[in-house]
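A.B. asks: Sequence below, structure please.
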Amino acid sequence: MLDSFEKESKLQERRAARQRQMRLMEEAASGLPLSVDDAAGDMDFSSSLGTSGADPSNISHNNMVNIADAGGFDLEQDGRFSIDGEGVDDPAPPTSMFSKVSDHLWTPSNGGRSGTDLDEHKMGFVMGDDNESYSSGAYWRDKNRRKKEHDESRELILQASRRLSDRPREASNLRSFDIHNNDNFDDNGYKQNSRVMCPTWCLLNRRLVCALSMIFSLVIVLVATLSVEKNQNDDLTPWPPIGGNGKMPTVDNNNGGGMDFEKFNRIKDRILEHQISHASTLEDTNSSQYKALTWLVRDDKRQLDLISIDDEGIGLTGSDVDLEETLFQRYALAVLWYQTTTLDIVKATSTSSMVVSDSNPFDNTIEGETSDASSTLSQNDITWKTSTNWLSDKGLCVWHGITCHPYDTTGVKFDGDFHVAILNLTDNNVNGVLPNEVFTAFVKMNVLDLSRNELAGSIGREIGRLIDLQDLFLSSNHFTGVIPNEIGNLGSLFNLYINDNNIRGSIPSLIGELTKLRGVSMFDNKIEGRIPDEIGNLKDIVALYLDTNKLTGQIPTTIGKLTKMVDLRLRVNNLSGTIPTELGALGNLETLYLDTNTKLGGRIPRELSSLVKATEIHLYQNSLTGPLPSELGMLDGLLYLYIDSNELTGPIPEEWGGMKDLEQLFVNGNQLSGEIPITIRGMESLHYLRANDNQLSGELPSDIGKMLKMEYIYLEDNDIQGSVPSQLGELSKLKLLHLDGNDLTGDMPSQVCRLKTNFYLVDLSAKNNDDGFACTCCTSQ
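C.D. replies: From the prediction side, this is the model:
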């Protein structure tokens, strides 16, 4: 009975040993760490693997050889296990053993720290001492038996390692199926990696597994690609229409009607970064700026875009800068288009008489009622006369009125987008408020000509950014506000023409910084204040038009420094003081308009006789006093001399007969006295003489009959005496002769009366102060 019990006990132990060996074989075949008991097996498994640790994929052939002392096994070709022992062969293990991953996971059990120690229970199970104490008698009685079984296991492992060493690619395949899970943390919070190994079936059918894995990967990539495309289509956000009604339209993304929101924001941010537009305007869906950016991103077929600037803030260089600036220009031109062709915007900003706030003259807001003309505007009323290629797929360089760098006098243009050199929309029925983008986006613009249009609003401070601008023509519009000080930044400016507007305020003294100026035209505005002395810094100026304003104060003497001046017009202002003698230094001056300044008094300076190139001198309707300077007779090239409506006294100088080219002489409305000098005949080109309303006396000189170009003679309301000389009948071109209000005697000569019937005389009057003179052919008695 005892023998039977012992035999049964040994059989169970052998079966347990087989199970342990089968487990070791499974772990060795699948690449899992071997469950070896250091104490029972008289070996250090951790040291046999090396300190690199527990990753079974790192077990090389050498490592497997080093752990040969852990046991041995032999895997037969026919799939059966041959286990040395009592000479009994057991059937092969069930195939289910290969269908699942071993329950043993290579999971650290020492708090996450590095090491290869195994669970004590599993160590005991592998070595067959689950429930036995090392101090028990049974342990020592069975020591030899366990040693024998352990040696058998070591031999099986050694044989398996030799077989695995002959199949290096299988080991590689084992590692290729590792799946990492990075979401495990140890007790101390340190992140640990866990591994899950593929089952043994995968190893035995690795080609099929690889093929299935590739197919599965392709399916995943395809699904991911479709998902990304769907997300991109979702980003094409429908955008308000160009019409600007603020409503989100229904957009067919398949037809490309969606907005590339990322591109919109990218360009918008760069526009704001460069201060091309204000943020508030780009947020307003009804603004011209919003419409322009929408067109640029969504509707412009050229689809220009900006490259990204790296996070380190390295700026753009070379052609990238050109691309960015030309994109800004295309945007700014679109802003100009929508600002001046969108009826609602034009109605809100345009009026024939804009009242601007005194507290903020730069404010374009209209105070009070707009004109009826503005409220009744139609789309036809604001349509440009010419708009060829605007907002088309053509390069902006071929849009109407645009000329790009480089350019020449041939006018040859190219279809592209490059730096705008000239923007010329003169006389093109451009309505509305001029957007500041015209000043902020064209950094290399040379000429801006928007004259003779219907533009309104103020000239923004942003104009100071056009540092390369050479010619600025904004005349004949409805601009309001003041001249910004920033205009002093336009150091390259040659011509500044802002006349015929409603500009107020004063002339900024910074205008003296524009030393290259050749022409300044500010007439027909409401400019107030004094003419700054800094005007004398404009050494190259040839034309200065400040007439028809509300300027006050004296004419600055510094104007005498402008020796290249050809045309000086200060008429119709409220200037006071006297005419500076320094004006005589303007040796190139041809035209001098100082008339209609009722507070401008004093004498006519004789220094004006130095204006040897003068053709026109206008000094009428002032408060000038004193005699006529005889020196003016030296101006033999003078054509028009207007000194009427003043308080001048004395005679007409005989020296004035030297003005042989003089065509019109107006001295009427003064207090001139004396006789008309006979030297007047030297004015052989004179055809218009007005000397009425004076105190002239004496007889009419007969030499007037030698002035054959004479057409108009006004001598009424004087003290002229005597008879009318018959020589006046020689004036075959005479059209008008007024001799009323004098003390003439006798009859009108028949030679003069024949001028009415045979020539051009149509207006003849000679009603005198008494009845001593008779005129039967006069048109008025």
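
A.B. asks: from memory Q621 sits against T598, does it?
C.D. replies: Yes - judged on Cβ atoms under 8 Å, Q621 makes contact with T598 at a distance of 6.9 Å. Quick note: C-beta positions are derived from backbone N, CA and C, even for glycine.

A.B. asks: Find me the pLDDT at E325, would you?
C.D. replies: E325 carries a pLDDT score of 85 in this model.

A.B. asks: any idea how far V221 lies from I215?
C.D. replies: Noted for V221: a distance of 11 Å to I215, by Cβ to Cβ, to the nearest Å.

A.B. asks: which residue sits closest to I652, ignoring its sequence neighbours?
C.D. replies: Distances taken as Cβ to Cβ, 6 or more residues apart in numbering place P677 nearest to I652, at 5.9 Å, with adjacent residues excluded.

A.B. asks: I'd like to know how far that neighbour sits from E663.
C.D. replies: Taken as Cβ to Cβ, the span from P677 to E663 is 18 Å.

A.B. asks: since we're on K268, how many residues are nearby?
C.D. replies: Other residues lying near K268 total 20 when counted by other Cβ atoms under 10 Å.

A.B. asks: Please read the previous query as pertaining to L466.
C.D. replies: 25.

A.B. asks: Thought G633 was touching the residue nearest to I652, still the case?
C.D. replies: No - using Cβ under 8 Å, P677 is not in contact with G633, being 10.4 Å away.

A.B. asks: residues contacting V447?
C.D. replies: By Cβ atoms under 8 Å, 6 or more residues apart in numbering, the contact list for V447 reads 421-424, 469-471, 473.

A.B. asks: repeat that with 7 Å
C.D. replies: 421-422, 424, 470-471 (Cβ atoms under 7 Å, 6 or more residues apart in numbering).

A.B. asks: Regarding the closest residue to E513 other than its chain neighbours, what is its secondary structure?
C.D. replies: Nearest residue to E513 in three dimensions, chain neighbours excluded: G488, at 4.4 Å (Cβ to Cβ, 6+ apart). With DSSP: H, G, I helix; E, B strand; the rest coil as the basis, G488 sits in helix.

A.B. asks: Next, count neighbours for G488.
C.D. replies: 18.

A.B. asks: my guess is Q721 is in a strand, correct?
C.D. replies: Yes - Q721 forms part of a strand when assessed by three-state DSSP.

A.B. asks: If I look at T776, what pLDDT would I see?
C.D. replies: If you check T776, the pLDDT there is 89.

A.B. asks: all strands of the stretch 451-600 of the chain, in order?
C.D. replies: 454-458, 471-473, 478-480, 495-497, 519-521, 528-529, 543-545, 550-554, 567-569, 574-578, 591-593, 599-602 (DSSP state E, counting those that start in this stretch).

A.B. asks: could you dump these to TSV with mean pLDDT and mean neighbour count?
C.D. replies: What follows is these, written out as TSV (pLDDT from 0 to 100; neighbours: other Cβ atoms under 10 Å):
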stretch	mean pLDDT	mean neighbour count
strand 454-458	94	23
strand 471-473	97	21
strand 478-480	96	22
strand 495-497	97	21
strand 519-521	97	21
strand 528-529	97	15
strand 543-545	97	21
strand 550-554	97	16
strand 567-569	98	21
strand 574-578	97	17
strand 591-593	97	21
strand 599-602	97	17
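
A.B. asks: how about these in TSV, adding distance to R465?
C.D. replies: Shown next, in TSV, are those (distance: least, Cβ to Cβ, whole Å):
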stretch	distance to R465
strand 454-458	16
strand 471-473	13
strand 478-480	18
strand 495-497	16
strand 519-521	20
strand 528-529	26
strand 543-545	26
strand 550-554	28
strand 567-569	30
strand 574-578	34
strand 591-593	34
strand 599-602	39
